[in-house]
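Enquirer: Whatever this is, show me its structure:
(chains A, B, C and D)
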Protein chains: 2
Amino acid sequence: MYELILKNVSRFIELTPEEVRFFTPLFKSKTIRKKQYLLQEGSVCRYEYFVNRGCLRTFFVDNKGLEHNVQFSVEDWWTGDMYSFLTQKPGRYNIVAVEDSELLYIDHPSLEELYKKVPKFEKFFRHLLQNAFIALQERVLSGMSETAEERYINFRKKYAAMDKRIPQNQVASFLGITPESLSRVRRQLTQKK
Amino acid sequence: MYELILKNVSRFIELTPEEVRFFTPLFKSKTIRKKQYLLQEGSVCRYEYFVNRGCLRTFFVDNKGLEHNVQFSVEDWWTGDMYSFLTQKPGRYNIVAVEDSELLYIDHPSLEELYKKVPKFEKFFRHLLQNAFIALQERVLSGMSETAEERYINFRKKYAAMDKRIPQNQVASFLGITPESLSRVRRQLTQKK
DNA sequence: CGTCTATTTGAATGTACTCAAAAGCGGTGG
DNA sequence: CCACCGCTTTTGAGTACATTCAAATAGACG
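Expert: Just a heads-up that it's a prediction; the model follows:
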């Protein structure tokens, strides 16, 4: 159950067997089924989640009632509402399972405890925050400087694994275009080759 | 010279006179003239900057060579390339003075020193990071769900002070539209009233 | 005053959107 | 196992919004 998360952590910090023994019990496990909510907008994100299996999407609802995906998370990714989790204030994001999924999660107080006992985890979670920050920056930049077609090509490069698992209309929402437009973009691309 | 920054800090954490005496000497002062660069893309952002006077813009250059503004910073704001500063790796942003400006700045080692002596500054700078994060989130959301006109109206609400100080073509670049489009949007708006 | 840059305006173009309808696909129950 | 239902994807036609290119006007600065 903890192999994947330990491998994930060990990419940035090294843990002694003793530290591992302290680390793992702080995480609980949870499975959720396709279409179930992990987080609802307006509620506080009490946990930071690690995806052990499955796939989820994070989205917000604009003032016209339309959903916009901001992230997909598959195995070996972390998810949650970073802002809401850090501040423990209500957030604007929803997280829903795209497939049946299995998660490990840790609450805020446990994470603080972890920092105290094994300070190098501060480095690790700061790293996660930085990654989230960079991902956001890249979204802003690509949204401002690329056409729908370019964004789709980059999406497939970067999230090749996900492209096949996620319904096209969800990918469209992530790219900031309508499902119809994505369908046309795809046709263009196959005709070009 | 330090009144403004101390007032800024005191909005989130309280400092004793002794802590103030430790804090202020860690910052150096610098003035730069309109159109001068504070930071160039590709270089490491070695400082976190506080704007004492003036106005600056942060932008990146896309692969077609076009500039896109991502932030304006006036008096009482912090600026810099958050990602590059935290990681001490080369960043993608440029920062240029829009007006003659006066800055206070602190380097990375000094900030670490500050954290050690006065740990509550960790809270303060985490707060800055969160603000930067939220600002980015809002940009993504507004870029995905609002028309150019809505974005401009929101810009004026939120940055009322800056609207008059910043050339229109720079505002257009911030909103993600061409200067011509912004000009037309403005005409629409005045005609409506 | 002249030069350089910013802003406005016009006309033509393009990209993505909306609305509507058909085709494809997957899951469920009879 | 197949027929049906619901949801996703595709396709078409018309539209809206913003862009490009070009030119005129207005402002700023030395």
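
Enquirer: Show me how far stretch A:183-193 is from its chain's centre.
Expert: Between the centre of stretch A:183-193 and the centre of its chain there are 28 Å (CA atoms, centre = their mean, to the nearest Å).

Enquirer: Checking that stretch against DNA strand D, do any of its residues make contact.
Expert: Yes: among the residues of stretch A:183-193, A:183-184, A:186-187 lie within reach of DNA strand D under CB under 7 Å from any atom of the strand. No exception for glycine: its C-beta is placed from N, CA and C like everyone else's.

Enquirer: ok, those residues vs residue B:173, which is closest?
Expert: Nearest to residue B:173 among these: residue A:184, at 28.7 Å, using CB to CB.

Enquirer: Show me how far the helix or strand the closest one falls within is from its chain's centre.
Expert: Element membership for residue A:184, per DSSP states H and E: helix A:179-192. Relative to its chain's centre, helix A:179-192 lies at 26 Å (CA atoms, centre = their mean).

Enquirer: Pull the residues that contact it.
Expert: Residues outside helix A:179-192 that contact it (CB atoms under 8 Å, 6 or more residues apart in numbering or on different chains) are A:148-149, A:152-153, A:168-169, A:171-172, A:175, A:177.

Enquirer: Kindly list the longest helix within chain A.
Expert: Criterion DSSP state H: the longest helix present in chain A is helix A:120-145.

Enquirer: buried stuff in that helix?
Expert: A:121, A:124-125, A:127, A:129, A:132-133, A:136-137, A:139-145 (16 or more other CB atoms under 10 Å in any protein chain shown).

Enquirer: Report the rounded mean pLDDT for it.
Expert: Average pLDDT, helix A:120-145: 88.

Enquirer: Of the buried residues of helix A:120-145, which is the nearest to residue A:57?
Expert: Once CB to CB is applied, the member of these that ends up nearest residue A:57 is residue A:139, at 14.5 Å.

Enquirer: ok, the closest one to residue B:46 distance?
Expert: Distance check for residue A:139 against residue B:46: by CB to CB, to the nearest Å, it reads 26 Å.

Enquirer: What residues of the worst-scoring helix or strand of chain A on mean pLDDT count as buried?
Expert: Lowest on mean pLDDT, DSSP states H and E among the helices and strands of chain A sits helix A:160-163, with a mean of 84. By 16+ other CB under 10 Å, the buried positions in helix A:160-163 come out as residue A:162.
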